[in-house]
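Engineer: Quick one, what's the 3D model for this:
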Amino acid sequence: MKWKLLLFSVLPLLGLSACGGGSSPSTPGSTSPSVTSVMAPPPPISVPTPDTKQNWGQLVRDTINHEIDAEAKDTSLWCYRKKQEKDGKQQLFAACQAKGAEIDRLLAVNGQVLDEKHREAENRRIERLLQNQGQLKKQAQQQHEDAIQATNMLKLIPDAFVYQLEGKEGDRIKLNFTPNPTFRPSGHEAEVFHHMEGTLVLDLKEKRLAEINGRLDSAVKFGGGLLGHLDKGGTFLVKQQAVGSGVWEVTTLDVQMNGKALFFKTITVRQKESDDEFKALPQSVTMQQAAVMTKNKVTEVSAQR
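Structural biologist: Modelled structure (predicted):
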């Protein structure tokens, strides 16, 4: 159970949001990225010596394919700490997963631990969620659809851009990417790729996409601007790193976007998220047990303040 790929597709999904579809960043009670299962080391990857468009594109393709393969094989469950900053508000969550769902419990806002009144409100919210089977099934279905959409977007990355080597350090290389003029997007979300430039950091030893840092170098207009647009200069940053043997997790998400949607609705996305303190859970964990684990974090956070 993992939705990390959704984060790697965050900018294209913003394009969908501008047109009234797609998914929005996670909110309390919704799903969040998980980690991959412990896997055997990938076969060695061959690094091209000449800096050619075709060779670097193939290297990106091999890495993306390995990411998708790891996603398909992932069955791991985790508890972790999630820190979000959205619309000027900083929130700290305890997140624990069970099959088909995740429990996010709010612990603190703007550095202040929740008082008893707000802790009880969180308890009631989570209890209602646990008792609402319809909402849980809807959540699981949305997760499945998001995962398919994100995987499809990842598959486009090798062809959507032209790559050049910026540098190499140890087992990692950094590639600059710019829009590929021959790439023909098939939808609003893929159209965003024609306006994006930035860098990728690839881990050659593990065949993982360690970082993607992107910027809109021009405004993105949907339906000639009638359906909406995203402003030039919008940025996003996603980082992932190893948190165990063969296990990688998205640890940083930073999105800064502006634009207009249908009927001139303003789009303003200012979201930062960082995840840490990952602890593996057994496959047998239930949602009720996951909820108790998040509740136990309340005492830990209070003791640390």
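
Engineer: for this protein, longest strand please?
Structural biologist: Using DSSP state E to define each element, the chain has its longest strand at strand 265-281.

Engineer: List the buried residues in the helix or strand just after that one.
Structural biologist: With elements assigned by DSSP states H and E, the helix or strand that comes after strand 265-281 is helix 287-304. The neighbour-count check on helix 287-304 (16 or more other Cβ atoms under 10 Å) flags 287, 290, 291, 293, 294, 295, 297, 298 as buried. The way it works is simple: take the backbone N, C-alpha and C, and place the C-beta from them, glycine included.

Engineer: Who are the packing partners of helix 287-304?
Structural biologist: strand 77-86, strand 89-98, strand 101-109, helix 116-131 (3 or more Cβ pairs under 8 Å, 6 or more residues apart in numbering; DSSP states H and E).

Engineer: Pick the most deeply packed of those.
Structural biologist: strand 101-109 (a mean of 22; mean count of other Cβ atoms under 10 Å).

Engineer: How far away from the center of its chain is that one?
Structural biologist: 17 Å (Cα atoms, centre = their mean, to the nearest Å).

Engineer: from the chain's centre, how far out does stretch 287-295 sit?
Structural biologist: Distance of stretch 287-295 from the chain centroid (Cα atoms, centre = their mean) equals 23 Å.

Engineer: which residues does residue 172 contact?
Structural biologist: 201, 202, 203, 204, 210 (Cβ atoms under 8 Å, 6 or more residues apart in numbering).

Engineer: Neighbour-wise, which one of those residues leads?
Structural biologist: Highest neighbour count within the contacts of residue 172: residue 202, with 27 neighbours (other Cβ atoms under 10 Å).

Engineer: The helix or strand harbouring that one pairs with which strands?
Structural biologist: Applying DSSP H and E as the criterion places residue 202 in strand 196-203. Applying DSSP bridges, strand 196-203 is found paired with strand 172-179 (antiparallel), strand 208-216 (antiparallel).

Engineer: Give me whichever of those is most buried.
Structural biologist: Most buried among the strands paired with strand 196-203, counting by mean count of other Cβ under 10 Å: strand 208-216, with a mean of 20.

Engineer: which residues are in contact with that one?
Structural biologist: 8, 11, 63-64, 66-67, 70, 172, 192, 195-203, 230-241, 248.

Engineer: tell me the mean pLDDT over that strand?
Structural biologist: Per-residue pLDDT over strand 208-216 has a mean of 93.

Engineer: Over to stretch 255-274?
Structural biologist: Mean predicted confidence for stretch 255-274 is 76.

Engineer: So for that stretch, first residue to last residue, what's the gap.
Structural biologist: Chord length of stretch 255-274, first to last residue, is 12 Å (Cα to Cα, to the nearest Å).

Engineer: Can you list the low-confidence ranges for the stretch 1-150 of the chain?
Structural biologist: 1-54 (pLDDT under 70).

Engineer: For beta bridges, what are the partners of the nearest residue to residue 167 once chain neighbours are set aside?
Structural biologist: Spatial nearest neighbour of residue 167, excluding adjacent residues (Cβ to Cβ, 6 or more residues apart in numbering): residue 174 at 5.1 Å. Here residue 174 sits in beta bridges with residue 167, residue 201, as judged by DSSP bridges.
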